[in-house]
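Enquirer: can you look at this prediction? I've put the sequence above it.
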Amino acid sequence: MSETTPAGSSAQIATKVKSSSPRFERNQHAVAELVARVRMDEEQIQLGGGAKAIESQHAKRRMTARERIERLIDPGSVFFELGCYAAWGMYEEWGGAQCAGVVTGLARVQGRPVMLIVNDATVKAGAFFPITAKKVIRAQNIAIDNHIPTIYLVDSAGVFLPLQEDVFPDTDDFGRVFRNNAVMSAMGIPQITAIMGMCVAGGAYLPVMCDHILMTEGSGLFLAGPALVQAAIGAKYSAEELGGAKMHAQISGTVDFREPDDEHCLARIRSLIDKMGNRQLGVFDRTSSREPLYPPEEIYGIFDDDPAHQYDMKEIIARIVDASEFDEYKPEYGETVLCGYARIGGYAVGIVANQKTHVQQVDHSGNKRMEFGGVVYTESAEKAARFIMDCNQNLVPLIFLHDVNGFMVGRDAEWSGIIRAGAKMVNAVSNSVVPKISVIIGGSFGAGHYAMCGKAYDPRFVFAWPTAKYAVMSGASAAGTLVEIKIKQLERSGQKLSEDDKKKLYDEVKATYDEQMDPRYGAARLWIDKIIDPMDTRDALISALDAASLNPDVPKFNVGVLQT
């Protein structure tokens, strides 16, 4: 920024990056490697149950989940997959459950945005593992929050029985799926279900609680299959007689459309979507979209995840927002948290971001001090809280860009009222009623994660770069603390560790902790909706804002009792 440019001006918030510098090239290479790793993982995940299982699905004259999605969505459009990493590295004792056996995401059908929830029968016959139910519920919750029409393509054997105790009874388990079906219907959110394979036991309620029910020949819909019926009441029936498409179309009247195969069924869904009415769109301001002034690939070299290095978050923002314009709010106060107004894809947004450069600040006594980038201080928390409240007052959706170490600690911080200021920021985030979208680009640690709208604070979407680190504290800090506790425990029992033993213990603890900080670990457990290429951040945010714009209902904003 030039010396003559007023602080916070929307012009010139970034500079042309020196892409030939050694540091830029090093950062670029490091980020590119992580992005490549994620792409390789996703290619493997998208194979589902593998070639043999895909052949078996084709032998039944059925498409795979991803083939059905490709045929259903608008030609040339993009399927914005959510939860791809679900179950990654989990259930290995059962042979794994790629993608949790269900594919979810946003797409366009006949030009309309929809949520797709599609069972993958190549993965354990589409059975529901514990994380499968949670993934379906997460997709439904996104649809509920944003009023997105939802399409279910059902092909599932039901609950994975060896783990039934973790699938069956709780508020985020299998039964919640059907409860959500009923709630979504009552809210007027359209739901279409196509039974394109097996739909048995409790899972049979899902299609019947939706607005439209389609069924293909050769599929089965019953509370109990032929074997269970024979065991329970001694009667023998064929699958077709008990719950086939013809029976449900002609006798029980359960299905609305009987289709000969997947191809015709998907075409019918497209036809039904084409004839749906339009509800009022959201109340958020949108103008024509303008591309950023700077190329997105430069983000690779700007971002630096080395704690010893600084980078300017404004340079990242300039490569995400329309025309690289950012009206910074209180730019000379609480500088370790950036707040400001911008547009993304034409949508007006408020941005709350952690600044990673160190800044010199003057305290209330006139003393100068150095404030560290990525740390939330009293002034920055108070500024952010007021900005968040302002965005709610003016119906401006909020974008949170995380690279936060946490809140400042120590005597000076405590005397300045850091807990009070932090509570104010958390209160504002908690009671925020406008759409909130979080992007974890670097560290997201401790209470800083909460204040920056972590998963527990109901963001509409949580995205993460492959560079993200997600935990209570950094691996080195956690390992140091845990090892110190372990050493004291051993010493109290009369054992004494050598320096080599201490180092080995430290390395073991740190390795475990580092594994759990990996964004893929969080994505496997649905703490993260999607790991995105940093270059795709703008597109991901536009997709999320498009979804959020479908919901015109914004509750009254009220923060309750604030610490002042």
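Expert: Looks like it arrived, so ask away.

Enquirer: okay, and the helix or strand of the chain with the least pLDDT?
Expert: Scoring the helices and strands of the chain by mean pLDDT, DSSP states H and E places helix 475-492 at the bottom, with a mean of 78.

Enquirer: need the contact partners of that one.
Expert: 469, 471-473, 496-497, 502, 505-506, 509-510, 513-514, 517 (C-beta atoms under 8 Å, 6 or more residues apart in numbering). The way it works is simple: take the backbone N, C-alpha and C, and place the C-beta from them, glycine included.

Enquirer: need those residues in a markdown table with pLDDT, can you?
Expert: Listed next are these as a markdown table, based on pLDDT from 0 to 100:
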| residue | pLDDT |
| --- | --- |
| Lys469 | 92 |
| Ala471 | 80 |
| Val472 | 74 |
| Met473 | 73 |
| Lys496 | 80 |
| Leu497 | 77 |
| Lys502 | 80 |
| Leu505 | 82 |
| Tyr506 | 83 |
| Val509 | 81 |
| Lys510 | 82 |
| Tyr513 | 81 |
| Asp514 | 83 |
| Met517 | 91 |
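
Enquirer: inside strands: which ones of the residues you listed?
Expert: 469, 471 (DSSP state E).

Enquirer: buried only: go through the contacts of helix 475-492 for me.
Expert: 469, 471, 473, 505-506, 509-510, 513-514, 517 (16 or more other C-beta atoms under 10 Å).

Enquirer: next one: the least confident helix or strand of the chain to chain centre, how far?
Expert: Relative to its chain's centre, helix 475-492 lies at 33 Å (C-alpha atoms, centre = their mean, to the nearest Å).

Enquirer: now that helix - C-alpha only, CSV.
Expert: The C-alpha coordinates for helix 475-492 follow below in CSV (Å, rounded to 0.1, in the frame of the first residue of the first chain):
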residue,chain,number,x,y,z
GLY,A,475,1.7,-30.7,17.8
ALA,A,476,4.9,-29.4,19.3
SER,A,477,3.1,-27.6,22.2
ALA,A,478,0.8,-30.5,22.9
ALA,A,479,3.7,-33.0,22.8
GLY,A,480,5.8,-30.9,25.2
THR,A,481,2.9,-30.6,27.6
LEU,A,482,1.9,-34.3,27.5
VAL,A,483,5.5,-35.5,27.8
GLU,A,484,6.1,-33.3,30.8
ILE,A,485,3.1,-34.7,32.5
LYS,A,486,4.1,-38.3,31.7
ILE,A,487,7.6,-37.7,33.0
LYS,A,488,6.3,-36.4,36.3
GLN,A,489,4.0,-39.4,36.6
LEU,A,490,6.9,-41.8,36.1
GLU,A,491,9.2,-40.0,38.5
ARG,A,492,6.5,-40.2,41.2
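
Enquirer: need the contact list for Ala421.
Expert: 378-379, 381-382, 385, 563.

Enquirer: out of the residues you listed, who's the most crowded?
Expert: Ala381 (28 neighbours; other C-beta atoms under 10 Å).

Enquirer: who's in contact with the helix or strand that contains that residue?
Expert: Using DSSP states H and E, Ala381 maps to helix 378-393. By C-beta under 8 Å, 6+ apart, the surrounding residues in contact with helix 378-393 are 329-330, 333-337, 339, 350, 352, 361, 376, 396-398, 407-408, 413, 416-418, 421-422, 424-425, 427-429, 431-434, 451, 557, 559, 562.

Enquirer: sitting in strands, which of those do you find?
Expert: Per DSSP E, strands hold the following members of the contacts of helix 378-393: 337, 339, 350, 352, 361, 376, 398, 407.

Enquirer: can you tell me which of the residues you listed is closest to Lys124?
Expert: Leu398 (39.1 Å; C-beta to C-beta).

Enquirer: could you measure from the closest one over to Pro534?
Expert: 20 Å (C-beta to C-beta, to the nearest Å).

Enquirer: before we move on, what about Gly282?
Expert: From Gly282 to Pro534 the distance is 27 Å (C-beta to C-beta).

Enquirer: now Asp553
Expert: Taken as C-beta to C-beta, the span from Asp553 to Pro534 is 33 Å.

Enquirer: between those two, who's got more neighbours?
Expert: Pro534 (25 against 10).

Enquirer: quick one: that one and Leu34 touch, right?
Expert: No. Using C-beta atoms under 8 Å, Pro534 is not in contact with Leu34, being 9.3 Å away.

Enquirer: so what sits against both of the two?
Expert: Contacts common to Pro534 and Leu34, judged by C-beta under 8 Å, 6+ apart, are 465-467.

Enquirer: now, which of those lie within helices?
Expert: Members of the shared contacts of Pro534 and Leu34 lying in helices (criterion: DSSP state H): none.

Enquirer: who wins for most neighbours among those?
Expert: Trp465 (26 neighbours).

Enquirer: quick one: contacts for it?
Expert: So Trp465 contacts 31, 34, 303, 439-442, 519, 531-534, 537 (C-beta under 8 Å, 6+ apart).

Enquirer: just the closest of those residues to Glu240, please.
Expert: Ile531 (43.1 Å).

Enquirer: who's that closest one bridged to?
Expert: Legend: beta-bridge partners of Ile531 under DSSP bridges are Ala464.

Enquirer: my read: it touches Pro519, true?
Expert: Yes. Counting by C-beta under 8 Å, Ile531 does reach Pro519; the two are 5.5 Å apart.

Enquirer: residues that sit against both of those two, list them.
Expert: 464-466, 468.

Enquirer: and those as CSV, adding pLDDT?
Expert: Output for the shared contacts of Ile531 and Pro519, formatted as CSV (pLDDT from 0 to 100):
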residue, pLDDT
Ala464, 98
Trp465, 98
Pro466, 97
Ala468, 96
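
Enquirer: next, format those residues as a markdown table and append distance to Leu545.
Expert: Below are the shared contacts of Ile531 and Pro519 laid out as a markdown table (distance: C-beta to C-beta, whole Å):
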| residue | distance to Leu545 |
| --- | --- |
| Ala464 | 18 |
| Trp465 | 19 |
| Pro466 | 23 |
| Ala468 | 21 |
